[in-house]
Every structure is written in C-alpha cells, then in structure tokens.
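> let me see the structure of the following:
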Amino acid sequence: MSRTPPVPKGEYAVGTMTYTVCNDRTETMYCNPGGSRSVPARVYYPVRKESVEGLQKAQYMSEAMCKALAKTFFLPINNKILEKKDRNRSECFVDAPFIAGKKFPLIIFNHGYISYREGNSYLLIELASQGYVVISVGHPYEALLTEFVCGINMDGGLFGKHEGKILKTPFLHINCETNRNVVARGLILHSKPVYHAVIKDMQHMGFSDMKHTITMKSQMGALDADIAHETVCSIHISFFDTYLKKSKQDPAFESNDVVTFKEYSPDE
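Have a look, this model is predicted:
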C-alpha cells in the first residue's frame with residue numbers, strides 16, 4: 001500500500017478554512033446531560049491554482065488529534081515525527097482567496113462513528129478540486145440528519161425507524177464486501193434511483209485516509225491504497241456530477257475487477 005498522500009486531479013487548487021457554531025441552548029444528550037454543544041466544521045473549496053502560490057498548506061493532524069488517535073486505536077502516530085519529516089501537510093491551502101463571482105455545488109460530509117472531520121480529507125480535497133464546496137461537520141456526542149438533494153452512505157449502517165418511509169432523493173450506498181448487507185433497508189421503498197457499489201478487497205477503515213499510512217490488511221483491506229482512493233473518488237464525482245451539478249444524464253456506473261454496481265429502479 002502507498003504511504004504517499006494522493007494529489008488532487010481536478011482543474012482547481014483547494015482552499016480550506018475552519019469555523020465553529022456555538023450556542024447557549026441546553027441540550028439533552030446522553031454523553032453530556034444538561035450541557036451545550038459546539039459544532040466544528042472544515043470547509044474545502046475550489047480556488048485558482050495561481051492564487052495559492054506562496055500560501056501555507058493546511059496541517060493534516062494537530063498534536064491533540066495524533067494523541068487521540070494513538071490512545072483510541074493504539075496507533076504509533078507521533079506529531080513531532082510527522083512534522084520533522086514534512087509529512088503533516090494536506091494538499092489544500094489555509095484561507096486561500098475565493099474565486100469572485102463563481103458559484104459551486106455544496107456537499108455536506110458527515111464522518112463515521114468515532115471518526116473526525118478530517119478523517120476523509122483526501123476524498124473531500126479531490127471533490128473540491130473537481131468544482132465542489134465541501135463542508136465536513138464534526139459531530140460531538142451525536143449526529144444530525146437534514147434534508148438533502150442527493151446522498152451517499154459510505155460503508156455505514158442505517159439507524160432509526162424507517163417503517164412507512166419512502167426515500168425521495170437519489171442515493172448511493174458504497175460498501176466493502178463484509179458490510180454489503182447492512183444497507184438492505186435503503187434499497188427498497190424509494191421514488192428516485194438508488195445505487196449500490198461494493199468494492200472488493202476493502203475493509204471498513206479502508207474508506208478513510210488511514211489506508212495511506214497504515215498497512216494493516218485486516219483493517220484496511222488488501223486493495224492498493226491508490227486504487228481504493230481513485231475508485232472511491234470517481235464514484236463520488238460521477239454521482240454528484242449527475243445529481244448535484246446536473247452535468248451528466250446518469251452516473252454511467254460500470255462494474256469492473258475492483259467494484260460492482262447495481263441500480264435499483266424507483267418503486268413508484
């Protein structure tokens with residue numbers, strides 16, 4: 001597996017910024033009874049390549065994040081070593097100037113359980129380079145579901161009660177073979193096209209950035225990290241180009257040696 005971070009292939013360079021939404025409202029939360037919640041977010045957005053000359057690339061992982069990952073997953077991650085080897089920078093630029101007068105489609109990214117807002121940054125940077133604004137939302141204590149134009153579920157289960165509900169937006173489920181059946185409910189009762197992609201030789205954590213730094217096949221899968229990244233990115237781009245940018249008639253998904261696709265036609 002590759003240990004070199006992927007370089008975005010789109011026509012744009014990528015800018016990034018962070019912000020936090022704070023409120024004083026007391027919320028009922030299992031992990032923090034009677035407390036209030038601050039929601040952190042990171043934005044990745046397209047910028048002109050000439051505008052980033054001389055700008056600083058964003059830090060990939062802070063010292064606090066390295067310590068948290070090392071403690072939670074017992075990973076030998078050391079912030080000082082990453083900085084010394086100049087391997088703690090992402091292919092995006094802090095506070096790069098926006099493109100004046102230019103609008104781009106918006107994608108909201110919600111990380112998985114016990115993950116973090118930069119956990120899939122390579123994918124999000126690639127999407128931004130292809131002409132999307134992406135907001136990755138950190139979810140302290142719990143997650144939030146809102147209305148959307150279309151959506152992608154990346155190797156996650158569907159939680160909650162869904163009896164009598166009909167999915168009314170185009171949706172795509174991407175899974176590894178181990179988890180291919182966890183989304184069965186999402187493949188029925190829908191009024192728009194639903195797709196299911198299953199990537200071979202992948203494991204759950206292989207969908208995150210970790211596949212580029214950790215070579216544990218039991219956790220990441222046996223698929224080459226660069227091939228896995230390119231496959232996941234191309235699936236996202238084809239889907240969002242169709243249903244968000246509307247620059248394509250359909251995603252034109254085709255199965256190959258790495259991934260198999262199935263389309264589920266609308267039920268009504």
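> going forward, measure contacts and count neighbours with C-alpha atoms only.
Fine.
> pull up the gap between the nearest residue to residue 190 once chain neighbours are set aside and residue 248, please.
Residue nearest to residue 190 in three dimensions, not counting chain neighbours: residue 167, with 4.4 Å by CA to CA, 6 or more residues apart in numbering. Applying CA to CA, to the nearest Å, the value for residue 167 to residue 248 is 22 Å.
> more neighbours, the two?
Ranked by neighbour count (other CA atoms under 10 Å), residue 167 and residue 248 place residue 167 first, with 18 against 14.
> and the residue nearest to residue 190, backbone torsions?
Torsion angles at residue 167 (phi, psi; degrees, to the nearest 10) stand at phi -70, psi 120.
> likewise residue 75?
The phi/psi pair for residue 75 (degrees, to the nearest 10) is phi -100, psi 140.
> report how many residues lie close to it.
The number of residues near residue 75, taken as other CA under 10 Å, comes to 13.
> likewise residue 201?
Should you count by other CA under 10 Å, residue 201 turns out to have 18 residues around it.
> beta partners for the nearest residue to residue 254 once chain neighbours are set aside?
Nearest residue to residue 254, sequence neighbours excluded (CA to CA, 6+ apart): residue 261, at 6.5 Å. Residues in a beta bridge with residue 261, per DSSP bridges, are residue 197.
> ok, residue 261 to residue 200 distance?
Distance of residue 261 to residue 200, computed by CA to CA: 11 Å.
> ok, these two, which is more surrounded?
With neighbours defined as other CA under 10 Å, residue 261 and residue 200 compare such that residue 200 has more, 19 against 16.
> what about the residue nearest to residue 190, distance to residue 150?
10 Å.
> repeat that for residue 112.
Applying CA to CA, the value for residue 112 to residue 150 is 18 Å.
> repeat for residue 171
6 Å.
> the more surrounded of those two?
Between residue 171 and residue 150, residue 171 has the larger neighbour count (other CA under 10 Å), namely 21 against 18.
> what residue ranges in the chain score low on pLDDT?
1-3, 25-37, 140-147, 159-162, 184-186, 268 (pLDDT under 70).
> okay, strands next: where are they in it?
For the chain, strands defined by DSSP state E occupy the ranges 13-22, 38-47, 57-59, 89-94, 106-110, 133-137, 151-154, 171-176, 194-199, 259-264.
> tell me the strands beside the first one, with direction?
Okay, so that is strand 13-22. Applying DSSP bridges, strand 13-22 is found paired with strand 38-47 (antiparallel), strand 89-94 (parallel).
> just send the ones you listed back as a markdown table, with mean neighbour count too.
Putting the strands paired with strand 13-22 into a markdown table (neighbours: other CA atoms under 10 Å) gives the following:
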| stretch | mean neighbour count |
| --- | --- |
| strand 38-47 | 22 |
| strand 89-94 | 22 |
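> sounds good, over and out.
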